[in-house]
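Asks: Quick check, what structure comes out for this input:
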Amino acid sequence: MASVKKIFVIIFVAMLSLPAAGWITGTLQNNSDNTVNPGFPRPETGLWFDRDYYRAIEGWFRETLPMAETLKVANHWLDYYLFSASSIKAVHVGRRGWLFWGTKQAEPENTEAVRQAGHRLCLALHATESIVNATGSRFLVALIPGKAAIYPEYTGVSARADRTSLYGSLMEANRRFPINGLVKLEPVLKKAKLSGQAVYGKRSRLWCRPAAAAAAGQILTAARLAGHGSDPPTDDACPPGDDDLYRLLLGRKKQASMAHTGYRAGPFAVDGPETTIYGDDYLNALLPVLTRAFSAVTIIDATQVSTLGQDLLAHQSEMILLECGQETLERLHLDLEALYTAEQDRLKGVVTRPIALQAADPVGPCALDITDNGLVIRSSGNTAAFSLPAITGSTSRIFRMAKLTFAAGHHGPVSVKALPDRSGPIQKQFGKGTGFMLVPLPFDQSVDLIVTPSQKPGVFTMEKAELISFYGDQPIPSPSLPEPAKATGDIYKGLPIADLEPPPPLPVVRPASAPPVAHPTQTLPELDITDIEDGCVFQRKHNAASIVVSGSYTGVTGPVEARVLAADDESVRVPWTVVDDAPQNSVFTGILAHVPQGGWYRLEVRSALTPWVVKKGRHRWGVGMLVACIGQSNMHEWFATGTDHQPSPRVMIHRDGRWHQPTSTGNGALALGNRLAARLKIPIGLLNYSVNGSGLTAKADWGTGFWLDTAPDGIYRRFVDGVNRAGGSVEAVVWMQGEADAARGTVSREAYRKALERLVDDHIRIDIRNGSSRPQLPFLMIPLVKRPTGKDRPCQWIRQAQMDALDTIEECHLAALSMDLENRGRQHLQPEAYTTLGLRTAQTVLYLQGKTDYHRGPAIASVARVSNQAIDIIIRHRGGTDITPAEGITGFEVLSGETSLPITAITRRDATTIRIEMASGLPEDFRVRYLYGAHPNTTGAVRDNTALALPLEPYSDQ
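Replies: Reported below is the predicted structural model:
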């Protein structure tokens, strides 16, 4: 076997060496600029460590060698059949060729985190069940065990891996605190296996039809609908078995999932309940059996909607069924607040009682004050915490939650830990219009809640805390009756009264000796400042910002004052101002308002009792503009490609939750930041939260995440968390994405546009505060770049959908076009192209600031047939007055139907007209398009005569 492997290795090495040898000998044409021009990418010293160079080589193989893709599949095939191995990390090859999802076994230090996550999910399911049942509906949960749980003998790994998974932790928590509506499918499927039925195929991702039928029977039994059981589904009623893991192992796409609609979801005329089902791909085989028991079915596709909130109860169905496979369990997120808000007026058997905020105690560096508005918390940051009075926990019959309501505009995620602690802390980030969180209470007689109001210092208000008890069918206890009034008058009338004993003599009281008087300096206040993070840029609001000032305080209590100085010359920008007039619990915290935009600054604090003692902050910070940059790899390359610029002293980069001083790397980011800093004379913070390979929708999830995934560990939530760490508001969001969705080829123009609308209107503008002066947070779009190896139609769908969104989303603006810029590799751009994009995007930001009167290039106003062989393209200018080049223009196509017609020449006729001359006569049904498809020819792209040379925008008359 080893010798066979060596032979194949030699063959593949030889094949890889042929292109380089051909280029050296001159047999192969070289590609001097490593773009998409024909030829093997020329090796250069600076490219040996550039991943795009190797992607260019891969693209060359794919485009040049007719058998390249086949050879790649053959390599994977040999790995599997000869060596029982897989180079695809997502697939694990077990014994006898069985294929499983490639799961990671939790490290010992992470085992506790997985266990806590299982307990949190168990409590969240309990809470969901309680809310649904309180509306009068029934709630069932069907968790489908994965392939490894049913066939552990073929995995070839320790059984411990399943116990340390989220599924195993959830089932362990359920054994201790059972969910009433949980349908136990694992015993049923194991029984089906022992009876000789196939539960999973050797190479399948999903279960087989007999397993789905057995599971459906168990679900109907749990729903008390066993009498509605159906005959086994026929072959034409069920989708065929899949071989997705095998296809994935070979490097091919998995089979497209069938939509949860049509005959499989069509209800049958039975006297069953109306049902809402939330489920994933396992539903394809499950629905043909289940639907016969229901009079109507509404399906929510879990592959598209990972966060389960108010949609679950929107149809007011009689039954709710939540189905989730083990491998997708980590993506399941239950939005309890949305569920509760949607149905709180319909809840029955629910009692809400207040939790006394007066009894709250600090357990970390914070100060608490009771006011008419609630509990005011002066917090020093992520170590500050306070405890609420002990409350009754959940029981097997009565589930309880704590509802904590904070003042509107609360900044930063709230973290709550319930003691005894089995689930770890629960975090909640409040969006626009929401200000409360629900904390499912563990099954303990007494529970203490430890609350951290924010990760950052600040002054916060908890308006109220409430205990919500779901009694269900249990009798609700009556409130305690008041004690009877005491009788008045002589209650001893008519009773004999004995003489009292004489009182004992009073003790002799001697005056106490006075304590020694302390020296005044022994009680003087001492302060220590919590310095602002070095390089921090606070988002301005109307040319100023409010800054949180905090630190430690000991000694005699007195007002604390703060001021702001310029970091360079120490000139006063904000004079001494009281920020905390009564420090408590050894901390001071307050708000310094109206800090003017600018920087860099430093902070100073002092006690009003000892104004001669000043504590100085060492870190520099400023007030300016924050711009969030999100999308996929081409946006990431803004910060990683090119070293043509030196960063302005006013520019900072925020990533991974912290501020960083930029280096000379990142042409796009530095071009954008430097330009804005130079024009606006304020600090500029660029938030880099792009993710390579990320899609917009679940269909375009290539393993790195998708932006509509709002689960706690998803890329969108990481972006929002990063913004919150930077202050919670930005002045604009720049979006550069689309390659992942175009590569799938399954996302239509309308679907992408609607998904983009949901991302902006339902998520970004809810979760991130608008720091601009415009009505909505500006969303700036950079449409899809050219894709040399892409297909025309899906690329055009994505690009047109992005242009459509400029009209359908309020305050959505074209940031820049990239179609006229050169690629390097398959889809990334040349370093100088990122500079151009950065400058064009800066122009758009300045346009929104009213600093310039244009930001878009010319557009095609009309197309006119001037003769049988000539067409005039009429141009409408925005910022320029003329166009280039005069001749040799490329990118235009003239078609009749789908047939491209030969063009003789395309030239500039005048400042607003382009002439297209045809090789033959024009048909009546001709049409024109410009910069169409995946990779149009832009060697002679049309640009205007502005300083930015803005390109003519794409056009299609269809």
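
Asks: Read off the pLDDT value for the residue most central in space within the chain.
Replies: The residue lying closest to the centre of the chain (C-alpha atoms, centre = their mean) is Tyr716, at 1.2 Å. Here the pLDDT value assigned to Tyr716 is 93.

Asks: any idea where the helices of the stretch 201-350 of the chain begin and end?
Replies: Ranges of helices in the stretch 201-350 of the chain, per DSSP state H, counting those that start in this stretch, are 209-222, 244-249, 283-290, 336-343.

Asks: looking at those helices, which is buried most?
Replies: Greatest average neighbour count among the helices of the stretch 201-350 of the chain goes to helix 283-290 (a mean of 26), per mean count of other C-beta atoms under 10 Å. For every residue, glycine as well, the C-beta is placed using N, CA and C.

Asks: from the middle of its chain, how far away would it be?
Replies: Helix 283-290 sits 31 Å away from the centroid of its parent chain (C-alpha atoms, centre = their mean, to the nearest Å).

Asks: same thing with stretch 179-192?
Replies: In terms of C-alpha atoms, centre = their mean, the centre of stretch 179-192 is found 33 Å from the chain centre.

Asks: Show me what that stretch is in contact with.
Replies: Contacts to stretch 179-192, defined as C-beta atoms under 8 Å, 6 or more residues apart in numbering, come from residues 122, 125-126, 129, 138-145, 149-150, 171, 174, 199, 207, 210-211, 214-215, 217-219, 222.

Asks: which parts of that stretch are buried?
Replies: Using 16 or more other C-beta atoms under 10 Å as the test for burial, stretch 179-192 gives Ile179, Asn180, Gly181, Leu182, Val183, Leu185, Glu186, Val188, Leu189, Ala192.

Asks: Please report how far the residue nearest to the centre of the chain lies from Arg606.
Replies: According to C-beta to C-beta, to the nearest Å, Tyr716 stands 43 Å off from Arg606.

Asks: Spit out the contact partners of the closest residue to Arg618 other than its chain neighbours.
Replies: Ranked by C-beta to C-beta, 6 or more residues apart in numbering and with sequence neighbours excluded, the top spatial neighbour of Arg618 is Asp531, at 6.1 Å. Listed by C-beta under 8 Å, 6+ apart, the contact partners of Asp531 are Leu603, Gly617, Arg618, His619.

Asks: Specify the local secondary structure of Asp531.
Replies: On the three-state scheme (DSSP: H, G, I helix; E, B strand; the rest coil), Asp531 is labelled coil.

Asks: Backbone torsions only: list them for it.
Replies: With angles defined as degrees, to the nearest 10, Asp531 sits at phi -70, psi 150.

Asks: Same question for Leu357.
Replies: Here is the backbone geometry of Leu357 (degrees, to the nearest 10): phi -70, psi -20.

Asks: Identify each buried residue in stretch 743-754, please.
Replies: Under 16+ other C-beta under 10 Å, the buried positions of stretch 743-754 are Ala743, Arg744, Val747, Arg749, Ala751, Tyr752, Arg753, Lys754.

Asks: Out of those residues, list just those in helices.
Replies: Ala743, Arg744, Arg749, Ala751, Tyr752, Arg753, Lys754 (DSSP state H).

Asks: which one of those sits closest to Ile798?
Replies: Distances from Ile798 to those, taken as C-beta to C-beta, are shortest for Tyr752 (5.6 Å).

Asks: Now, the buried residues of stretch 179-192 that are in helices?
Replies: Members of these lying in helices (criterion: DSSP H): Glu186, Val188, Leu189, Ala192.

Asks: Next one: the closest residue to the last one other than its chain neighbours from Asp369, what distance?
Replies: Meaning Ala192. The spatial neighbour of Ala192 that comes closest, neighbours along the chain excluded (C-beta to C-beta, 6+ apart), is Ala214 at 4.6 Å. Going from Ala214 to Asp369 by C-beta to C-beta gives 60 Å.

Asks: Then Gly727?
Replies: 25 Å.

Asks: So the two - more neighbours on which side?
Replies: Gly727 (21 against 13; other C-beta atoms under 10 Å).

Asks: For the more buried one, give me phi and psi.
Replies: As for Gly727, its main-chain torsions (degrees, to the nearest 10) stand at phi 130, psi -20.

Asks: what sits against the residue lying closest to it once chain neighbours are set aside?
Replies: Of all residues not flanking Gly727 in the chain, Gln539 sits nearest, at 5.3 Å (C-beta to C-beta, 6+ apart). Taking C-beta under 8 Å, 6+ apart, we find Gln539 in contact with Ala545, Val623, Gly624, Met625, Leu626, Gly685, Ala726, Gly727, Ser729, Val730, Glu731, Gly771.

Asks: before we move on, what about Gly714?
Replies: So Gly714 contacts Ser306, Arg331, Gly705, Phe706 (C-beta under 8 Å, 6+ apart).

Asks: do Tyr471 as well
Replies: Each residue near Tyr471 by C-beta under 8 Å, 6+ apart is listed here: Gly349, Val350, Val351, Arg397, Ile398.

Asks: Ok, Cys122 next?
Replies: With contacts defined as C-beta under 8 Å, 6+ apart, the neighbours of Cys122 are Leu170, Ala173, Asn174, Phe177, Ile179.

Asks: With Arg793 instead?
Replies: By C-beta under 8 Å, 6+ apart, the contact set of Arg793 is Gly745, Gly933.

Asks: What of Arg606?
Replies: Arg606 makes contacts with Leu527, Val560, Glu561, Trp576, Val613, Val614, Lys615, as judged by C-beta under 8 Å, 6+ apart.

Asks: what about the fourth one, is that helix, strand or coil?
Replies: So that's Trp576. Recorded secondary structure, Trp576: strand (three-state DSSP).

Asks: Span of stretch 820-840 from start to end?
Replies: Using C-alpha to C-alpha, to the nearest Å, one end of stretch 820-840 lies 13 Å from the other.

Asks: Can you mark which positions in that stretch are buried?
Replies: So for stretch 820-840, counting by 16+ other C-beta under 10 Å, buried means 820-831, 833-840.

Asks: Centre of the chain to it, how far?
Replies: With C-alpha atoms, centre = their mean as the basis, the mean position of stretch 820-840 lies at 26 Å from the chain mean.

Asks: now swap in stretch 613-629 and tell me
Replies: Here the centre of stretch 613-629 is set off from its chain's centre by 27 Å, with C-alpha atoms, centre = their mean.
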